[in-house]
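**Student:** Next one to model:
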Amino acid sequence: MRGDRFTDKVAVVTGAASGIGAAAARAFAAEGAKLALLDSNQEGLREMAKEIAGSGYFVVDVASGASIKAAFDAVLQAFGTVHVLVNSAGVIGKWTLQNMTEVEWDRVLDINLKGTALCTQAVIAPMRARGGGAVVNVSSMAGKRVSYAGAANYTASKTGVVGFTWHAAFELAAYKIRVNAVCPGPTITGMTRKRTPEQLAATAARIPLGRWVLPEDVANAILFLASDEAAMCTGTALDVDGGILVSNGSSYEEYFASRT
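**Tutor:** Just a heads-up that it's a prediction; the model follows:
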C-alpha cells in the first residue's frame, strides 16, 4: 500500500458503516483521500467519521432515488467534486424462491442493483466535469455462480451488478470514467462471525488459499481498481475469493483422494 495514490482525491463510499465498505474507507483514508461516507446506519456512520479525520458522513437509503439525490447533492456541496465512487451498500436474503414475497425480492434488488445504478448515475456529471473518474462496484462470487449464503434475489442482484458494470464501463468510457467490480468470496463480516468455529473451519477448508477473505483483502482490490495503476482497466470483474471459484467448492482432501 502506498500513501499517496489518493492524496486530495474525494472518494465516496456507500455501505461505509461496516464490513467491506468500512475497510475500503479506512484504506482510502490511509492513502490520503478525502472521504464521503454513506450508509443508512447513522450511528455507524458517526463512529466511522470520528475514526477518519476530515471525513463527512451522509445518511442515505440507496433504494430511494430521492434519498440518493439528496445525499450526493450534499456531498458535492461539502467536497466540490467526486474522483472515486465505491458502491458497497448491500444486503442478503435467506428465503427460498417458493416462499419469497414480492416485497423481499424488491428489497434486495433495490438496494444491491438499483442502488448501485442510481449512485453511479449521480456521479456522472461531476466526474465528466473534471475529466473522468473511477467507479468500483462490490458484486460477489454469486455474480458468477449460485449463492449458497444468499437466495435467488441475491444471486440475481449480484449477477446484475456485473452486467451493469460491463455496460456502464462501455458507455462511460466516452467520458474517461472507468467502471469495474470486485467479486468477493466468503468474507468475514458481522454476519459470518455468527457462525460456529466448526462452520468457519469447514468453509475455510474449501477455499484453496486456506482462509476466509477479509474485508481488507477486498479493500486492497478496490483501491487498485480505483487508482491510476488500473488506468486501462474498465469493465473488469475481479475475483477476490481465495480461489474458491476455480475449485468449484471442492476441498483438497476430496480432490487428491480421487487422484494418484
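
**Student:** ok, which stretches of the stretch 101-250 of the chain are helices?
**Tutor:** Under the criterion DSSP state H, counting those that start in this stretch, the stretch 101-250 of the chain contains helices at 102-109, 115-129, 152-172, 197-204, 215-226, 244-247.

**Student:** and these as CSV, adding mean pLDDT?
**Tutor:** Below are the helices of the stretch 101-250 of the chain laid out as CSV (pLDDT from 0 to 100):
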stretch, mean pLDDT
helix 102-109, 97
helix 115-129, 98
helix 152-172, 97
helix 197-204, 90
helix 215-226, 98
helix 244-247, 91
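
**Student:** wait, which of those is closest to Ala36?
**Tutor:** Nearest to Ala36, of all these, is helix 115-129, at 10.6 Å by Cβ to Cβ. C-beta here means a position set from N, CA and C on the backbone, and glycine is covered the same way.

**Student:** Give me the contacts around that closest one.
**Tutor:** For helix 115-129, the external contacting residues (Cβ atoms under 8 Å, 6 or more residues apart in numbering) are 12, 14, 62-63, 65, 68-69, 72, 76, 81-83, 85, 87, 89, 133, 135, 137, 161, 164, 168, 172, 175, 177, 179.

**Student:** what's the angle between the lengthiest strand in the chain and helix 215-226?
**Tutor:** Counting residues, the longest strand found in the chain (DSSP state E) is strand 177-184. Interaxial angle, strand 177-184 versus helix 215-226 (axes from the mean of the first three to the mean of the last three Cα atoms, to 10 degrees): 160 degrees.

**Student:** what helices or strands is strand 177-184 leaning on?
**Tutor:** Strand 177-184 sits against helix 115-129, strand 133-138, helix 152-172, helix 215-226, strand 237-240, with contacts defined as 3 or more Cβ pairs under 8 Å, 6 or more residues apart in numbering; DSSP states H and E.

**Student:** Among the ones you listed, show me which one is buried the most.
**Tutor:** Highest mean neighbour count among the helices and strands packed on strand 177-184 (mean count of other Cβ atoms under 10 Å): strand 133-138, with a mean of 28.

**Student:** and the longest strand of the chain, what's its mean pLDDT?
**Tutor:** Averaged across strand 177-184, pLDDT comes to 98.

**Student:** How many residues are close by Arg206?
**Tutor:** The tally of other residues near Arg206 (other Cβ atoms under 10 Å) stands at 20.

**Student:** which residues touch it?
**Tutor:** Contacts of Arg206 by Cβ under 8 Å, 6+ apart are Ile244, Ser247, Gly249, Ser250, Ser251.

**Student:** how much space between it and Ala63?
**Tutor:** Relative to Ala63, Arg206 is positioned 33 Å away (Cβ to Cβ, to the nearest Å).

**Student:** Same question for Ala74.
**Tutor:** 18 Å.

**Student:** Look at the two and report which has more neighbours.
**Tutor:** Neighbour count, other Cβ under 10 Å: between Ala74 and Ala63, Ala63 has more, with 20 against 16.

**Student:** residues touching the more buried one, list them.
**Tutor:** Taking Cβ under 8 Å, 6+ apart, one finds Arg107, Asp110, Ile111, Lys114, Gly115 in contact with Ala63.

**Student:** 6 Å - rerun?
**Tutor:** Asp110, Ile111, Gly115 (Cβ atoms under 6 Å, 6 or more residues apart in numbering).

**Student:** Also Val91?
**Tutor:** Contacts of Val91 by Cβ under 6 Å, 6+ apart are Val108, Ile111.
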